[in-house]
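Visitor: Okay, predicted coordinates and the sequence, questions at the end:
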Amino acid sequence: MRLLPRSLRYRVPLVILAVFLVVAAVFMYGLRRIVFNSFVEVERSEIVKDTQRAALGLIVTRERLSGGAADWAKWTDTYEFMAGRAPQFPRENVDLATFPNLDADFIVFYDYRGAAKWTGAVGSASGEVEALSPSLVTALAGDIGHLRPAAGSQRAGIVPLAGSTILFATHLITNNDGTAPPNGFILLGHTVDADDAREASAFTGLSVSFSQPPEGATLVGPMSATLVSYPDDNTVVGSLLLAGVSGSPAQQITVTRASLSALRTYETMAIVGWALLAFVVVFGVSLTIALQTTVLRRLTRLHLRTSHETAGGPSAYSTVRGRDEIADLALALDEAEGRTLATEELLRQQADHDPLTGLPNRRTLERDLAKSIAEAAREGGSVTLALCDLDRLKLINDTAGHACGDQALRWFGDRAQSAVRDYSTVARIGGDEFAILLPHTSASDATLVIERLAELIALEPCRCDAGPIVVSASCGIATYPEDARDPEGLMRIADVRMYDSKRARESRTADSPDSHDV
């Protein structure tokens, strides 16, 4: 099954188009991978920034706690309360509005040894300020070493506590001008919960969640690198770990957003793909028109010219005029065709004619004889074949030379052609043997032709370089259908009668050597 048309005029553009399409497909595949990876990198960079923005909300809360702790720790009333001289201080200064103002969920005043002197939080059931639960106080006491600020400083950070994550800030308590020695420290705590997640989601415009770090998680520094993952093709997740005061992971921040890499890649590739397709089509059409105009159409005409040669047709060059390789090829084809025709004509002449006399040879005679017999059989006519043999040709060659013998053969052929009509065939079929084919001729008419030939031979001698010589011939005739009905039979009978005539002539020559009868 042929997949491509045979003509180059159509095959070349199709091959070019196929190559362009394959190259374009490979290019689009590689470009798609590059574009997709580029969008993924951009998306990963964006999700890293998003997780850092979510972490920033917790950092801001921690900084607000630090500011509140530093402010309260420098009140003289706070210092007096810790010294036991202002027991009414908590009741007068801590109310329901205090906690949201400080962004704190609970407040604890510790003496310098780390014992809780006063605790307060908004009760979930009562909605009033009340003491912390004993379990939380105990948990804080268990981690007091990480919560206590160093001398002359403050401390803030994250600590996992009682199944929750606590943002805290502590500060040493002293008087307003900082001249009194510290007599305790204040702790402001904020429990990271769903409200913080909602605030972070509103702040980032994404889905943000806070959770406990996974088991075995470790990190170096206060914050881990953001881990980006794709749970499915449409979602990208960024995870970030924050370190607690002990240095181990204390908080995991997870940001989830829709993955747009595939969609952006598809949209980009659609634009690039249509643009590339338009380019391929325009380039392919332009290249095809250029090739058709300069090469392919001219090659097609040249191919048609050389494939369907007719006598007298236009030359190959006239079909593809120009001054380029194709025109040079056409000229070369014209020259080669001329040489070929000349060679064919020469071969045809040599195949069908005798090289010495130029008369038809035995091959042509047999073909014409078979054709004449077939016509006579179809129309009911007669065909006569005469075979003539030159007498004493060997003697002429021996005495006057072979050149004179060749002249005698040509001379006799000319006389035989003069004696017959145009549609008859005179052929040389052997060394000194000739045949005369007389279509539509009876035996009696053929006898008249042979007699006319004898008169022409006797009219004047053959003049050759060695001088005039006398040429005579012995002939025998056979007629279709009286003597035979096939070419072989006519040839055989005419040959027998020719040799009978030759023997009779030789017998007469013995009595009269100068006889010129045929």
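Guide: Arrived safely. Residues are numbered from 1 along each chain as shown.
Visitor: next one: whichever strand or helix holds His171 to chain centre, how far?
Guide: Counting by DSSP states H and E, the element that carries His171 is strand 164-172. Averaging C-alpha coordinates over strand 164-172 and over its chain gives two centres that are 67 Å apart (C-alpha atoms, centre = their mean, to the nearest Å).
Visitor: got it, and stretch 144-157?
Guide: Between the mean C-alpha point of stretch 144-157 and the mean C-alpha point of its chain there is a distance of 71 Å (C-alpha atoms, centre = their mean).
Visitor: ok so, going back, neighbouring strands - and their directions - for the next helix or strand after the strand holding His171?
Guide: For strand 164-172, the following helix or strand on the C-terminal side (DSSP H and E) is strand 184-191. For strand 184-191, sheet partners with direction are given as strand 106-111 (antiparallel), strand 164-172 (antiparallel), following DSSP bridges.
Visitor: Please name whichever of these is nearest to Pro87.
Guide: Nearest to Pro87, of all the strands paired with strand 184-191, is strand 106-111, at 11.7 Å by C-beta to C-beta. C-betas here are computed from N, CA, C, even on glycine.
Visitor: buried stuff in the closest one?
Guide: Under the neighbour-count criterion of 16 or more other C-beta atoms under 10 Å, strand 106-111 has Phe106, Ile107, Val108, Phe109, Tyr110 buried.
Visitor: just curious, which of those residues is nearest to Ala217?
Guide: Using C-beta to C-beta, Phe106 is the member of the buried residues of strand 106-111 that lies nearest Ala217, at 27.0 Å.
Visitor: Glu344 versus that closest one, what's the distance?
Guide: Computed as C-beta to C-beta, to the nearest Å, the Phe106 to Glu344 distance reads 118 Å.
Visitor: Gln292 now?
Guide: Counting by C-beta to C-beta, the gap from Gln292 to Glu344 is 35 Å.
Visitor: between those two, who's got more neighbours?
Guide: Gln292 (17 against 10; other C-beta atoms under 10 Å).
Visitor: Surely that one is within a strand?
Guide: No: when the secondary structure is assigned by DSSP: H, G, I helix; E, B strand; the rest coil, Gln292 falls in helix instead of a strand.
Visitor: what angle separates the longest helix seen in the chain from strand 106-111?
Guide: For the chain, the helix that runs over the most residues, judged by DSSP state H, is helix 8-73. Per axes from the mean of the first three to the mean of the last three C-alpha atoms, to 10 degrees, the angle that helix 8-73 makes with strand 106-111 is 50 degrees.
Visitor: Tell me how far helix 8-73 lies from the chain's centre.
Guide: 31 Å.
Visitor: Report the mean confidence score over that helix.
Guide: Helix 8-73 shows a mean pLDDT of 82.
Visitor: just to revisit the earlier point, so for the strand holding His171, mean pLDDT?
Guide: Along strand 164-172, the predicted confidence averages to a pLDDT of 91.
Visitor: Start at 731, not 1
Guide: Got it, the first residue is 731 from now on, which makes the last one we talked about strand 894-902.
Visitor: how many neighbours does the closest residue to Ser941 other than its chain neighbours have?
Guide: The shortest distance from Ser941 to any residue other than its chain neighbours is 5.0 Å, reached at Gln982 (C-beta to C-beta, 6 or more residues apart in numbering). By other C-beta under 10 Å, 19 other residues sit near Gln982.
Visitor: Could I get the contacting residues of Gln982?
Guide: For Gln982, the residues meeting the contact criterion (C-beta atoms under 8 Å, 6 or more residues apart in numbering) are Phe940, Ser941, Gln942, Pro943, Pro944, Ala947, Ser969, Leu970, Leu971, Leu972.
Visitor: Put together JSON lines for the strands paired with strand 914-921, with distance to Ala886 on each row.
Guide: Formatted as JSON lines, these follow (distance: least, C-beta to C-beta, whole Å):
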{"stretch": "strand 836-841", "distance to Ala886": "15"}
{"stretch": "strand 894-902", "distance to Ala886": "4"}
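Visitor: Out of these, flag the one nearest Val790.
Guide: Of all the strands paired with strand 914-921, it is strand 894-902 that lies closest to Val790, at 10.2 Å by C-beta to C-beta.
Visitor: any residues touching that closest one, and which ones?
Guide: Strand 894-902 is touched from outside by 788, 791-792, 795-796, 798-800, 802-803, 877-879, 881-890, 912, 914-923, 940, 942, 980-981, with contacts defined as C-beta under 8 Å, 6+ apart.
Visitor: Same check on stretch 1225-1240?
Guide: Identification of contacts with stretch 1225-1240 by C-beta under 8 Å, 6+ apart yields Leu1117, Cys1118, Asp1119, Asp1121, Ser1202, Ser1204, Cys1205, Gly1206, Ile1207, Ala1208, Ser1245, Asp1247.
Visitor: Among those, name the ones in strands.
Guide: Secondary structure defined by DSSP state E assigns Leu1117, Cys1118, Asp1119, Ser1204, Cys1205, Gly1206, Ile1207, Ala1208 of the contacts of stretch 1225-1240 to strands.
Visitor: May I see the domains of this structure written out as residue ranges?
Guide: Following automatic domain parsing, the chain resolves into domains at 745-788+927-991, 791-922, 1084-1241.
Visitor: Which strand or helix spans Ala869?
Guide: helix 864-872.
Visitor: Please enumerate the helices of the stretch 981-1130 of the chain.
Guide: Taking DSSP state H, counting those that start in this stretch as the criterion, the stretch 981-1130 of the chain carries its helices at 991-1021, 1027-1037, 1046-1049, 1055-1082, 1092-1109, 1123-1130.
Visitor: I'd like the next helix or strand past the last one.
Guide: Towards the C-terminus, the helix or strand next in line after helix 1123-1130, according to DSSP H and E, is helix 1132-1149.
Visitor: which secondary structure elements does that following helix contact?
Guide: Secondary-structure packing of helix 1132-1149 (3 or more C-beta pairs under 8 Å, 6 or more residues apart in numbering; DSSP states H and E): strand 1113-1120, helix 1123-1130, strand 1155-1158, strand 1163-1169, helix 1173-1189, strand 1192-1194.
Visitor: Tell me which of these lies nearest to Ser989.
Guide: Between Ser989 and the helices and strands packed on helix 1132-1149, the shortest gap by C-beta to C-beta is with strand 1155-1158, which sits at 97.4 Å.
Visitor: you'd agree Leu972 is in a helix?
Guide: No: for Leu972, which was evaluated using three-state DSSP, the result is strand, with no helix membership.
Visitor: angle of the strand holding His901 against helix 864-872?
Guide: Strand 894-902 and helix 864-872 are oriented at 60 degrees to each other (the same axes, to 10 degrees).
Visitor: Go through strand 894-902 and flag the buried ones.
Guide: Taking 16+ other C-beta under 10 Å as the neighbour-count basis, strand 894-902 is seen to contain the buried residues Thr895, Ile896, Leu897, Phe898, Ala899, Thr900, His901, Leu902.
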